[in-house]
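> fold the following for me, if possible:
(4 chains)
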Number of protein chains: 2
Amino acid sequence: MQLDERKYIILQAIIRNYLETGEPVGSRTISKYTDLNLSSATIRNEMADLEELGYILQPHTSAGRIPSDKGYRLYVDKMMEEKEREVEERKELLLEKEDKVDHLLKQAAKLLANNTEYAAMVSAPQYHRNKLKFIQLSRVDAQHLLAVIVVEGNVIKNTMLTVEEELNDETLLKLNILLNTHLNGLSMEEINLGMIAALKQQAGIHSEIVAGVIDAVAEAIKADEDLEIYTSGAKNFFKYPELADHERASELITTFEEKQLLTELVQDNLSDDNHTDIQVYIGSETPVAGMKDCSIVTATYELDEGMKGTIGIIGPKRMDYEKVVSNLRLLKNQLDDLYRR
Amino acid sequence: MQLDERKYIILQAIIRNYLETGEPVGSRTISKYTDLNLSSATIRNEMADLEELGYILQPHTSAGRIPSDKGYRLYVDKMMEEKEREVEERKELLLEKEDKVDHLLKQAAKLLANNTEYAAMVSAPQYHRNKLKFIQLSRVDAQHLLAVIVVEGNVIKNTMLTVEEELNDETLLKLNILLNTHLNGLSMEEINLGMIAALKQQAGIHSEIVAGVIDAVAEAIKADEDLEIYTSGAKNFFKYPELADHERASELITTFEEKQLLTELVQDNLSDDNHTDIQVYIGSETPVAGMKDCSIVTATYELDEGMKGTIGIIGPKRMDYEKVVSNLRLLKNQLDDLYRR
DNA sequence: TGTTAGCACTCTAATGAATCGAGTGCTAAC
DNA sequence: GTTAGCACTCGATTCATTAGAGTGCTAACA
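Predicted structure coming up:
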């Protein structure tokens, strides 16, 4: 059996209608809703076919039809595109520039959640070109040295080192020069054990300090193991009966709170290069455990060269994909441009 | 009417029983539960009196009694104390030391939530002795200066400043000396406009840089306006029917997610000095809007001299106060000691 | 005078029967 | 190929009934 044009139109009508109402769609509704001028009986036959083809299903015998994951997939891939472009304009979703990136991203998550009425997540950008740019040791007081490490992309890390005896200015200067001349411009892979040993040797009695600095450097350079993720709109789960029963809501909210599982999404997004800018996961396709009844839509933004992060929306499978996609795209574009002038 | 000893015992029995079962307590239950050897009829009379006194109430005519806020208050203030001390020991609640304070506090929140089965919050410590300890300007590259600011308590802030023309080492050294000699050891209040003007004048053509640094200093010194709060165990709200209906749960979870409203709690705790180490808010007493049906128990910890924060538990009014208090006390003590050896 | 047994009464929660209505699949006629 | 018609299914709603827990009050008792 083929998905001929009439079936396609009917399927589209079913999905559209279901997205609007959230109720299973009956044959009579479609008979009136479309301008095919077919009776409900004919529609029923077609619906039976569509069910056999796997695009729709019946919650129970005497109910209308709802889209299956396969149906949604077809909708998202083929049926949606036309309308999407028209919707593109939206004014409400306007980011205000903030001094601190974390504030900006929190704001972004909140905006997304409020605008779409779904739950939203924003991951902090991860830096991928991690070369050391600058190291500085300073004496803060008798027992404390401050190591400041700047990485390409102007990301800064500090570590306080404790020393037993106070270092004089000259020694400090020497150490600073030693560290900078040897380490600047290097990436994680390029700083090997041999080099570290050589450095320590040159530092002589201060090898311990060098060791401390190297640890801090390693810490600063490696991709932040605990990826910051901001979330907003957990309460929106309650708006959709299919997600709102205690068990499911509890699971969703835990996942959302722990944030750890959401990392999967980010990884999936940043590693995969063979996808468009917007990624849609429907039901069982989602990489996040415990969200099999949801759909997730994500986009990748690039705050500055090499600083990529993910924004995403999590909602019921019957979410308003068009609205979500256009929201994400709009926000992504803003994030992409904000620091690029 | 007085609260004589017999009434006191009966009230205590009612509350204990209600805390255990979560069901309204009937007169027959009390008649058997206590060793007063009174019939249910007598208990009924006493219960009517207790209700008149405002310590208990009836959800509806044919139900047993549940404690009122006033009843809980009496319980927490007077009845609980005896048992509390016995419970004190617990092994499960053991913090592991972590390098990063935020990890430690996240861990603390999680431990609390898991152990008590209520929702938990932990506020990051606020620094109260904010004197400037050390400033350093460094040249990162041609356009960028890095300002590192260390405040008493070894809290570090960085700001990247953009400059139009590259500064030479000598100028940089001069600026560093200028800033350090004038600003070190000062608190927010002591850095006034006159001083800033004088500094700028001395800096000459580099006054703009000084302005940037001063801004950064102000930022670093002032109590962190956006207080970090870690939460865990939002799903636990679902465990208690009185909090689990959609409306309430939605509100609670939003408050918990936004975290902003929780600041009230922290402020309340850190500012008020006339309270014991543990604070209990029952029902309408809570300073957090939208949690009037909850009880909140908090404790103040001091991670290091002057670094005070709040830990707290949020649950239904019929929470196991004894367990919660002992858990909080245990964790507070651990936090107090962890970095103090 | 305080305590208790007894009883009528109240109110919730649970159960189950009856009904409604939306929607289906199938058949036969157009 | 399309459609009208009809029997059928099944969830949701309604309603009445019942069971049970608990109360307040009265009258008797120690």
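> contact residues of the stretch 101-250 of chain A facing chain B?
A:103, A:133-134, A:136, A:138, A:140-141, A:144, A:146, A:148, A:150, A:154, A:156, A:158, A:160, A:226, A:231-232, A:234-235, A:238, A:244, A:246, A:249-250 (CB under 8 Å from any CB of the partner chain). The C-beta positions use only the backbone N, C-alpha and C, and glycine is treated the same way.
> again, 7 Å this time
A:133-134, A:136, A:138, A:140, A:144, A:146, A:148, A:150, A:154, A:156, A:158, A:160, A:232, A:234-235, A:238, A:244, A:246, A:250 (CB under 7 Å from any CB of the partner chain).
> for DNA strand C, give me its nearest residue in the stretch 151-300 of chain A.
Closest residue of the stretch 151-300 of chain A to DNA strand C, CB to the nearest atom of the strand: A:His246 (15.7 Å).
> what about that residue, how many neighbours?
Counted with other CB atoms under 10 Å in any protein chain shown, the neighbours of A:His246 add up to 16.
> A:Glu23 now?
Each residue near A:Glu23 was counted by other CB under 10 Å, and the total is 12.
> would you check that A:Gly283 makes contact with A:Gly315?
No - applying CB atoms under 7 Å as the test, A:Gly283 and A:Gly315 come out as separate, 11.7 Å apart.
> so for these two, which residue has more residues nearby?
A:Gly315 (24 against 18).
> bridging residues for the more buried one?
Beta bridges link A:Gly315 to A:Ser295, judged by DSSP bridges.
> quick one: secondary structure of the spatially closest residue to the residue of the stretch 151-300 of chain A closest to DNA strand C that is not a sequence neighbour?
Leaving aside its sequence neighbours, A:His246 sits nearest to B:Phe238 (CB to CB, 6 or more residues apart in numbering or on different chains; 5.0 Å). Following DSSP: H, G, I helix; E, B strand; the rest coil, B:Phe238 is assigned to helix.
> my read is that B:Phe238 contacts B:His246, right?
No - under the criterion of CB under 7 Å, B:Phe238 makes no contact with B:His246, lying 10.8 Å away.
> now the residue in the stretch 151-300 of chain A positioned nearest to DNA strand D: closest residue in space, sequence neighbours ignored.
When scored by CB to the nearest atom of the strand, the stretch 151-300 of chain A has A:Pro241 as its residue closest to DNA strand D, at 9.8 Å. Nearest residue to A:Pro241, sequence neighbours excluded (CB to CB, 6+ apart): A:Gly22, at 7.8 Å.
> how many residues are close by the one you found?
A:Gly22: 13 neighbours (other CB under 10 Å).
> any idea how far B:Pro67 is from the nearest residue in space to A:Glu166 that is not next to it in sequence?
Nearest residue to A:Glu166 in three dimensions, chain neighbours excluded: A:Ala142, at 4.8 Å (CB to CB, 6+ apart). Computed as CB to CB, to the nearest Å, the A:Ala142 to B:Pro67 distance reads 58 Å.
> these two - which one has more neighbours?
The neighbour comparison of A:Ala142 against B:Pro67 (other CB under 10 Å) goes to B:Pro67, with 25 against 10.
> was I right to think the more buried one contacts B:Tyr18?
Yes - using CB under 7 Å, B:Pro67 is in contact with B:Tyr18, at 6.0 Å.
> buried residues, the helix or strand containing A:Ala108. List them.
For A:Ala108, the host element (DSSP states H and E) is helix A:101-116. Buried residues in helix A:101-116, counted by 16 or more other CB atoms under 10 Å in any protein chain shown: A:101, A:104-113, A:115-116.
> so what touches it?
A:92-93, A:95-96, A:98, A:119-122, A:124, A:230-233, A:236, A:311, A:313, A:323-324, A:327, A:331, A:335 (CB atoms under 7 Å, 6 or more residues apart in numbering or on different chains).
> tell me which residues of the helix or strand following that helix are tucked away?
Per DSSP H and E, the first helix or strand lying C-terminal to helix A:101-116 is strand A:119-123. Using 16+ other CB under 10 Å as the test for burial, strand A:119-123 gives A:119-123.
> kindly report the same for stretch A:154-172.
Neighbour-count burial for stretch A:154-172 [16+ other CB under 10 Å]: A:154-161, A:167, A:171-172.
> and that stretch, C-alpha only, in PDB?
Once non-C-alpha atoms are left out, stretch A:154-172 reads as follows in PDB (Å, rounded to 0.1, in the frame of the first residue of the first chain):
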ATOM      1  CA  ASN A 154      39.500  34.600  27.300                       C
ATOM      2  CA  VAL A 155      38.200  32.100  29.800                       C
ATOM      3  CA  ILE A 156      39.800  32.600  33.100                       C
ATOM      4  CA  LYS A 157      40.600  30.200  35.900                       C
ATOM      5  CA  ASN A 158      42.100  30.900  39.300                       C
ATOM      6  CA  THR A 159      43.600  28.700  41.900                       C
ATOM      7  CA  MET A 160      45.000  29.500  45.200                       C
ATOM      8  CA  LEU A 161      48.100  27.700  46.100                       C
ATOM      9  CA  THR A 162      49.400  27.400  49.600                       C
ATOM     10  CA  VAL A 163      53.200  27.700  50.100                       C
ATOM     11  CA  GLU A 164      55.200  27.100  53.200                       C
ATOM     12  CA  GLU A 165      57.700  29.900  52.900                       C
ATOM     13  CA  GLU A 166      57.200  33.200  51.300                       C
ATOM     14  CA  LEU A 167      58.700  33.700  47.900                       C
ATOM     15  CA  ASN A 168      60.500  36.800  47.000                       C
ATOM     16  CA  ASP A 169      59.700  38.900  44.000                       C
ATOM     17  CA  GLU A 170      62.600  37.600  42.000                       C
ATOM     18  CA  THR A 171      61.800  34.000  42.400                       C
ATOM     19  CA  LEU A 172      58.200  34.700  41.500                       C
END
